[in-house]
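Asker: Quick check, what structure comes out for this input:
(2 chains)
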Amino acid sequence: MFRTQALLIIILLLARIGQAQHNFVQYSVQNGLAQSQVSDICEDQFGYLWFATRGGGLSKFDGTKFHNITIRDGLKSNIVYKVIEDSKGNIWAGTDEGLTKYDGKVFATMDLNLEGSFNVIRNIFEDTYGNIWASSARGGVSLIKDSTIATYNSSNGFTDSVVSDIASDKLGKVYISTIMDGLYVYEGANFKKVHHPLLRENYIYELFLDRSGRFYLATHKGVIIKDGSNFRLLSQHPSLEQPIYTIGQGKDEHLWLATALGIIEYHEAVLQEYTHADGFSNVGVTSIHGDREGNMWFSTFGEGVYKYQGEIFSPVGKQDNESQDVILAITQDPQQRMYFGTLGGGMLVIDGKKVTSLTMNDGLSSNSIISAVTDKSGAVWAGTPGSGLNRIYNQIIDTYSTEEGLPDSYIFAAMRDFSGSLWFASRKGLLRYNGKKFEIANSSVRLSGALLQLKDSTLLIGTSHGVMQYNGKVFTPFLKDKLFSQQEILSLAQDEKGTVWIGSNGKGLCKYNAESNSIGYISENDGLASNLIYNLIFDDGGKLFVGTEKGIDKITFDSLGKINAIRNFNQTEGFKGVEANQNAAYKTKDGSILFGSVMGVYRYNREIDVPNTHRPITHLTNVKLFFESIDWSQYSDSTSQWFNIPQNLVLPHDKNHLIFEFLGSSLKNPDKVRYRYKIANLDAAWSPIVSSTQAIYNNIPPGKYTFMVKSSNDEGVWDENPVTLLFEIKPALWQTWYFYLALGIFALIIIRIWNNYRIGRKLKQVMQIENIKKEERDKIRKRMARDFHDELGNKLATISVSTNILSYALKDKSKEVESLLHTIESSSKYLFSGTKDFIWSIDMHSDNVSEIFSYLKDFGEDYFGKVNIDFYAEQNIGEKQTKSLPAGCSRQVVMIFKEGMTNILKHAEADSVHFSLHIKMNTFNFILKDNGKGMCNNNITGHGLQNMQNRAAEIKGHLVIDSDHEGTRITLEGTT
Amino acid sequence: MNYFRTRICIVEDNVAVKDGFALILNSISSYYVINTYTNCEAAIKNLKNDSPDIILMDLELPGMSGIKGTAEIKKILPKVDIIINTIFEDSDLVFEALCAGASGYITKNSNYKELLDSIDQVVKGGAPMSTKIAKMVVKSFQKNPHSPLSNRETEVLEQIAKGKSYSGIAKELFITKETAKSHIKNIYSKLQVNSKAQAIAKAKSDKLI
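Answerer: Residues are numbered from 1 along each chain as shown, chains lettered A, B, ... in the order given. Okay, here's the model as predicted:
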């Protein structure tokens, strides 16, 4: 029943033939959808779809995965009737338990003052002023303006009827449709009922404003369009005289309407209906949404959601989707009838809209037709696997078998050459039919089923080992290359420039140009979906279609003949058959290209194959630290509203393992979205093109960075402005420049100190050695002097003693003798004491002023002791006892005062002598005093005293001689 | 007559000096030079026989040094007065000799009058002490916590160490020069004891005895 109805309704649009499996893709609970009863759809700023389900809460869809939000996440109820996105990006959900608003972080409930069972929100709408309208099961309407909620019903100018929809027209005027009370308009804070004959006794299901500003009403009587203040039916078409429940808009202004049975695509008075028979649902459609890329989404009440993205490949042939045939051959007769050879289904014949099939019942020799060709007279020849040939002409089928002279009954390829002869590939070899009889050309090679005549009439034969050419007599290799001469050749084609294209079983394509003698290879590595090339066909525009077992590749060339792009088509584009078949690609007389697959025939619709200029919406979905999502409040001051992406992230140096997760949302072809990312200041270049939605960065060194990611759609259209995220890794103290500086300075100081210490120690060592050496030297010197003077002293002592004895012996000596002896004795004594002084002065300790004093005091003691002159000595040196004179000075001091003492003894006639030493700071004073008669002035400058002055001057000392009749005082002052 | 004469031995390697001294000393009636030696060993060998009251010991001797000789002789004849005979009064050597037991020192270069006076002094109980040697003596006694010196002796010693002359000390302490000098002799003898005691103590602490 439904089928005939559908057939009646159809009007051919753009030479579509028949109908079959259309490109509706269903998403249901198996795919992750929360629940199969979907009441509403909305699209958010990131390109995600939100599905309101009855029982599963909200289901958010990114193109491949569903993320379900339920009461567990804060949603008020899992039964959601309506979902919209407001202008600020918030998601409003009308549920069984009231109205909630979700801002990406929390669910906030809007209390509309509705008791219990009435708190069922069925409609939500944001007007052009940003106010939110909501209607419930209660009737009337609520308006949320800023933070105030106003309720309108019959008491304040509105109605109590339950509202069915709320929308505004292109001027921003809010219209409200009710179940029982028609249409109202809200103008200047007042509600006015709209009166129109079309609206009377009509039931308005939905209000819809399309992108061009046209205002529609989906009603029980069909679609009404509001034209200014006038209302009229959209179309008089009989197929639109039925209840339309919801409206959506697709690409290029196409309207989609939901009926009781399915959907209607409507555009400029032309419509196409899709029902269950066409692969759509037979459960009611609750909402229709056209997304930003032009895909259509249909939510159903029980079968989840359907997606329709147009058909680049549309099905041709049988409408019954259960018995789609495997198509192995295609040909067309002069009357434009299409013939499709099937496996087991005979020959499918499509004449305009009529679809019939020829089987063995009709006289075919077999129900499997694996090759077909049309001859010059217009007859269609059909080859079978083992049952010979069939010739179909004017409803008459003639069969040819081996009995009729057919050399072999397995005919798997057929071709007509320029002269009109027919060529067939059989198991036994190449057959030729000239209109009368069959000739076989035996060859050693096994034919593979590819046959082609080149423009220059060369006949090419595909074999199990390369391409051969046949001149009527012999087979010679056509292409002499190493690779393809070993391959089974499945397909052959020639382009406008004369290049021959060869498709192999497993090594991809080879292109060969005899003129330029150039050979090229194209394989999966270059972008082909597969290396298994079943068929090759050029369209009128020069594009090459390559049929593989993984879909059809379309190769476009630039003006120089180089490959521009390779685009793959499979189920997504409508080619549900996916696997092409050998010899099952055909270009019809009007230029259309048909492909036979394992699931029927598909037509390539060039007008639908337009470049996809929609860029995916690139955004960050998560940032993870050490593989985990964490609370970012400790490292950043805020997170983004949706997706919890930390803003102004500042991390310590040891928290430097980050994973950036992102998505370029595209609902059209999400699997083909590609990404490139980099971190500015870290990576030198963009990453290679990847399909992964994650970027993992390990061990990020300290610094300020920007993570950038951009995405491209399935046709390589990239974002212009990548999405960025700034973050900073703070250096640890020991990574900062000032730490290193301090360390450097510290190191320098350490080195300095150590150096000083080392030098100091060395110096000390050296000093010690020097000191020891000095002492040794002194010891040696002293000892040497001593030894020498001991000798001398001994001899002097001998002289002295001998003189004494002599003096004693010569008791009666004369005065002269006595005087002489005395001279000897005193001279030797003098010599003796002089050497004693000398030895003493060599001793380094003698430089000590105190030592000098002691020496002189001992001398004085001894000297004056012999003559009974009182000798007093004292030294006044305080604590500073270690004052020393420069070397050699001590001797001078000693000589000065020995002289002084001698003078006293000889001349002073004193009886008491004082000798003292005073040391103060750096000066010393030696004082020699006597109480004798003193010296006259002229004696002060006498020879001995002059000597004393000289000696004093030599040691830079100061000698003062005071003398009067009470005594003489000699003072020597000097500095240490 | 022998009993009233002071018996003297001379140990001196300078033969001229040795014989000269002997001659000079013998010219004094109260002195009697028993024997003269040019080395210690010989003197020690004959010591018991000579039994001298005074020995003139040269410091610069071959073989056993004068200092060692002094120590040895003092062991045998503790009561003998050993007068060191030195050319230059090397303080270190003299001090050592004093510690070894010498009672005083004279210089070889003395004329005969001086020689006689010195010996006379020593016999009477005095002894010369230079400042330097005095300082050494002070130091030596300082090392001993139980100083055997009498107060007077300590005073005298300290004065000398400060550099006072004998006249000065005598004036200061209201004693005569001779008394001061006799104190010094006592100090010397105590020095020997002291240094002996020190040696024993050191030996004990070094665990040699």
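Asker: Okay, now the unreliable bits of the chain?
Answerer: No chain in the question, so chain A it is. Along chain A, the model assigns pLDDT under 70 to residues A:1-21, A:318-323, A:786, A:789, A:813, A:844, A:877-882, A:936-943.
Asker: The chain in question should be chain B.
Answerer: B:1-3, B:88-89, B:109-110, B:125-132, B:141-147, B:191-209.
Asker: Domains in it, by residue range?
Answerer: Domains of chain B are assigned by automatic domain parsing as B:2-124, B:131-205.
Asker: give me the residue from chain B nearest chain A.
Answerer: Distances between chain B and chain A by C-beta to the nearest C-beta are smallest at B:G20, namely 3.4 Å. To be clear about C-beta, it is placed using only N, CA and C from the backbone, and glycine gets the same treatment.
Asker: residues making contact with whatever helix or strand that residue lives in?
Answerer: Element membership for B:G20, per DSSP states H and E: helix B:15-26. Residues from elsewhere that reach helix B:15-26, judged by C-beta atoms under 8 Å, 6 or more residues apart in numbering or on different chains: A:794, A:797-798, A:801-802, A:804-805, A:808, B:8, B:10, B:12, B:31-33, B:36, B:38, B:56, B:108, B:112, B:115-116, B:119.
Asker: And the next helix or strand past it?
Answerer: strand B:31-37.
Asker: Mind listing the strands that next one pairs with, and their directions?
Answerer: Take DSSP bridges as the rule and strand B:31-37 pairs in its sheet with strand B:6-11 (parallel).
Asker: buried stuff in the partner strand?
Answerer: Neighbour-count burial for strand B:6-11, counted by 16 or more other C-beta atoms under 10 Å in any protein chain shown, picks out B:T6, B:R7, B:I8, B:C9, B:I10, B:V11.
Asker: quick one, what contacts the fifth one?
Answerer: With contact set as C-beta under 8 Å, 6+ apart, B:I10 has these partners: B:K18, B:F21, B:A22, B:L25, B:V33, B:N35, B:T36, B:Y37, B:I55, B:L56.
Asker: Bridged to it, which residues?
Answerer: B:T36, B:L56.
Asker: Relative to B:A22, how far out is it?
Answerer: As judged by C-beta to C-beta, to the nearest Å, B:I10 and B:A22 stand 6 Å apart.
Asker: repeat for the third one
Answerer: With the distance defined as C-beta to C-beta, B:I8 ends up 9 Å from B:A22.
Asker: can you list residues touching both of the two?
Answerer: What both B:I8 and B:A22 touch, as defined by C-beta under 8 Å, 6+ apart, is the set B:V33.
Asker: SS state for B:I67?
Answerer: Put simply, B:I67 is helix when judged by DSSP: H, G, I helix; E, B strand; the rest coil.
Asker: so it touches B:L98, yeah?
Answerer: No. B:I67 is beyond contact range of B:L98, at 9.5 Å (criterion: C-beta atoms under 8 Å).
Asker: If you count surrounding residues, which of those two has more?
Answerer: B:L98 (28 against 23; other C-beta atoms under 10 Å in any protein chain shown).
Asker: so the more buried one touches B:A134, yeah?
Answerer: No. Contact criterion C-beta under 8 Å: B:L98 and B:A134 do not qualify, at 10.7 Å.
Asker: now the contacts of B:I10: which count as buried?
Answerer: B:K18, B:F21, B:A22, B:L25, B:V33, B:N35, B:T36, B:Y37, B:I55, B:L56.
Asker: what's around the spatially closest residue to A:G55 that is not a sequence neighbour, how many residues?
Answerer: Leaving aside its chain neighbours, A:G55 sits nearest to A:Q35 (4.7 Å; criterion: C-beta to C-beta, 6 or more residues apart in numbering or on different chains). The tally of other residues near A:Q35 (other C-beta under 10 Å) stands at 23.
Asker: Spell out the secondary structure type for A:Q35.
Answerer: coil.
Asker: Return the residues in contact with it.
Answerer: With contact set as C-beta under 8 Å, 6+ apart, A:Q35 has these partners: A:V29, A:T53, A:R54, A:G55, A:G56, A:S59.
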